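K.L.:
I'd like to go over a predicted model; first the sequence, then the structure.
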Amino acid sequence: MAEIVIVGSEEEAGALVAGTVLGTIARRPDAVLGLATGSTPLASYRALAERIAADGVDVSRVRGFALDEYVGLPEGHPESYRAVITREVVEPLGLTPGLIHVPNGSAEGIETAGDDYEAAIEAAGGVDVQILGIGRTGHIGFNEPGSSFASLTRVKTLTEPTRADNARFFDSPDDVPMHCITQGLGTILRARHLLLLAFGEAKADAIAAAVEGPVTSSQPGSAIQLHPHTTVIVDEAAASELANLSYYRHAWANKPVWQGI
């Protein structure tokens with residue numbers, strides 16, 4: 001089962017994520033990170049940037065793969081995930097831009113963009129640590145309900161709830177693209193360590209379904225139950241619907257320090 005860690009704040013979660021990522025980089029200086037966008041991982045990226053600067057960590061060889069990208073946004077659009085990853089991850093952490101990959105969402109070549117991205121991940125040796133958020137519908141990446149657990153990087157149609165959630169980043173809800181290109185659930189499950197973050201009461205049902213519900217494509221987040229090394233880091237509100245909450249607290253409080261997460 002996944003390890004469940006309940007924290008008091010997003011900043012506490014960020015410290016845990018930063019420590020895990022830096023431990024991976026210490027073991028493998030050219031580590032491959034899976035990078036999520038959205039508001040959920042921002043505290044983790046801030047904590048990681050602070051630790052890199054304070055400790056003088058060399059991240060020049062670190063590689064990265066974004067989870068997804070909108071289809072059809074013009075090049076340079078500030079809400080493209082290429083721009084977001086550059087602004088929120090590459091520049092603050094001091095990563096090498098040419099080593100950070102984002103799916104190609106341009107209309108030209110979209111038919112083969114998924115296969116090309118899969119090949120790039122495979123050529124890099126796979127993802128060491130994949131950072132994930134989860135949507136209200138249970139989606140991870142842009143794998144909406146109904147996505148196959150064997151799915152690879154491909155073009156998907158976004159649900160209206162997902163488009164509504166993302167409308168805050170655009171001038172108008174109508175400006176949110178209808179399509180995206182996303183790593184598949186099968187792609188995500190090949191990463192060696194999954195770090196799933198969730199904060200706030202609005203994510204409580206999705207977390208409960210992902211962690212304790214049946215493994216079903218109707219709840220894409222439940223795919224994490226099939227992975228041998230998943231860490232779910234949530235605040236009290238996001239954990240509020242978990243049935244086995246007391247056990248998760250007990251297990252974390254009594255975990256040997258040397259095991260890490």
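P.N.:
Good, I have the coordinates.
K.L.:
Give me the next element, helix or strand, following the lowest-mean-pLDDT helix or strand in the chain.
P.N.:
The helix or strand of the chain with the lowest confidence, counting by mean pLDDT, DSSP states H and E, is helix 160-166 at a mean of 87. As assigned by DSSP states H and E, the chain's next helix or strand after helix 160-166 is strand 179-182.
K.L.:
CA atoms of whichever helix or strand comes after that next one as PDB?
P.N.:
Following strand 179-182 in sequence order, the next helix or strand is helix 185-189 (DSSP H and E). The C-alpha atoms that make up helix 185-189 are tabulated as PDB, following Å, rounded to 0.1, in the frame of the first residue of the first chain:
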ATOM      1  CA  LEU A 185      -1.100   6.200 -16.200                       C
ATOM      2  CA  GLY A 186       1.100   3.500 -17.500                       C
ATOM      3  CA  THR A 187       3.900   6.000 -18.100                       C
ATOM      4  CA  ILE A 188       3.500   7.400 -14.500                       C
ATOM      5  CA  LEU A 189       3.500   4.000 -13.000                       C
END
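K.L.:
neighbouring contacts of the helix or strand following helix 185-189?
P.N.:
Counting by DSSP H and E, the element after helix 185-189 in chain order, helix or strand, is strand 193-198. With contacts defined as Cβ atoms under 8 Å, 6 or more residues apart in numbering, strand 193-198 is touched by 2, 13, 17, 20, 24, 40-41, 44, 128-134, 140, 188, 206-207, 210, 221, 224, 227, 229-235, 238, 261. C-beta coordinates here come from the backbone N, C-alpha and C atoms, glycine included.
K.L.:
Recalculate using a threshold of 6 Å.
P.N.:
Contacts of strand 193-198 from elsewhere in the structure, counted by Cβ atoms under 6 Å, 6 or more residues apart in numbering, are 13, 17, 40, 129-134, 207, 224, 227, 229-234, 238.
K.L.:
Would you mind checking the residues you listed for buried ones?
P.N.:
Neighbour-count burial (16 or more other Cβ atoms under 10 Å) is assigned, among these, to 13, 17, 40, 129-134, 207, 224, 227, 230-234, 238.
K.L.:
roughly how far out does the least confident helix or strand of the chain sit from the chain middle?
P.N.:
17 Å (Cα atoms, centre = their mean, to the nearest Å).
K.L.:
Just the residues contacting that helix, thanks.
P.N.:
Contacts of helix 160-166 (Cβ under 6 Å, 6+ apart): Gly135, Thr137, Val176.
K.L.:
What of stretch 203-214?
P.N.:
Defining contact as Cβ under 6 Å, 6+ apart, one finds that stretch 203-214 is touched by 2, 134, 136, 138, 198, 219, 221-222, 224, 234, 238, 240-243.
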